[in-house]
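S.K.: Let's see this in three dimensions:
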Amino acid sequence: MRRVSLSLPAPADLGVDMIGVPKDAEVELDLRFEAVMEGVLVSGTAHAPLAGECARCLDQLTSDVEVDLQELFFYSDEDASEEDSLLDGELLDLEPTFRDAVVLALPLSPVCDEGCAGLCTECGVKLAEAGDDHRHEKIDARWASLQGLVTENDNDQEK
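M.R.: Coordinates of the predicted model:
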């Protein structure tokens, strides 16, 4: 068994629509390599920073993610199926395993705060900044043309 701790730059396009790991951000890996009958078992953890935007208010947010990794890299094609990972001499590619673990751990709708009220659907202002008295007058579209008639009549009666 061999333990390795290292820092590597993050690959590009590691995330979902609203949040992800920035390209070239520092990823901390703490890995353990074990020789088994079929190949090399790699297990450990990865810690990476996250950047994105809140799904409710669209403010920028930062966070970090820690994921567990485990993958068996086979010595030869004979022991492995099509979807299994193979060793290339003494080299192995841990990026697909890391990518899968991180993307599965990301929230699909990240929020800056659990109590985030989001944006007003009418005007787009942040509801946290607008206050409790933020309202919009709703006029029934079927009666909207009569609204102008009532104000014209009111003006005629005042004369």
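S.K.: Give the bridge partners for the spatially most central residue of the chain, please.
M.R.: The chain has residue 19 as the residue nearest its centroid, 3.0 Å off, counting by Cα atoms, centre = their mean. On the basis of DSSP bridges, residue 19 is bridged to residue 52.
S.K.: Mind jotting down where the helices sit in the protein?
M.R.: Ranges of helices in the chain, per DSSP state H, are 95-105, 127-130, 144-158.
S.K.: domains in the protein, as residue ranges please.
M.R.: 2-105, 127-158 (automatic domain parsing).
S.K.: tell me the mean pLDDT over the longest one?
M.R.: Translated: domain 2-105. Average pLDDT, domain 2-105: 90.
S.K.: And the contacts of stretch 54-63?
M.R.: 18-19, 49-53, 109-112, 116-119, 126-128 (Cβ atoms under 8 Å, 6 or more residues apart in numbering). (Glycine included, C-beta is placed from N, CA and C.)
S.K.: and with 7 Å instead?
M.R.: Stretch 54-63 has contacts (Cβ atoms under 7 Å, 6 or more residues apart in numbering) with 18, 49-53, 109-112, 116, 118-119, 126.
S.K.: Now do the buried residues in that stretch.
M.R.: 54-57, 61 (16 or more other Cβ atoms under 10 Å).
S.K.: how about the strands in the chain?
M.R.: Under the criterion DSSP state E, the chain contains strands at 2-9, 14-15, 19-21, 26-35, 39-53, 60-74, 85-86.
S.K.: Buried ones among the contacts of stretch 54-63?
M.R.: 18, 50, 52, 110-112, 116, 119, 126.
S.K.: re earlier: just name the most buried of the domains of the chain.
M.R.: domain 2-105 (a mean of 15; mean count of other Cβ atoms under 10 Å).
S.K.: how distant is that one from the center of its chain?
M.R.: 16 Å (Cα atoms, centre = their mean, to the nearest Å).
S.K.: so how far does it reach from one end to the other?
M.R.: 26 Å (Cα to Cα, to the nearest Å).
S.K.: picking that back up, can you redo the buried residues of stretch 54-63 as a markdown table with distance to residue 98?
M.R.: Formatted as a markdown table, the buried residues of stretch 54-63 follow (distance: Cβ to Cβ, whole Å):
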| residue | distance to residue 98 |
| --- | --- |
| 54 | 26 |
| 55 | 24 |
| 56 | 29 |
| 57 | 30 |
| 61 | 22 |
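S.K.: Mind telling me the two of those farthest from one another?
M.R.: Using Cβ to Cβ, the buried residues of stretch 54-63 span at most 10.6 Å, a distance reached by 56 and 61.
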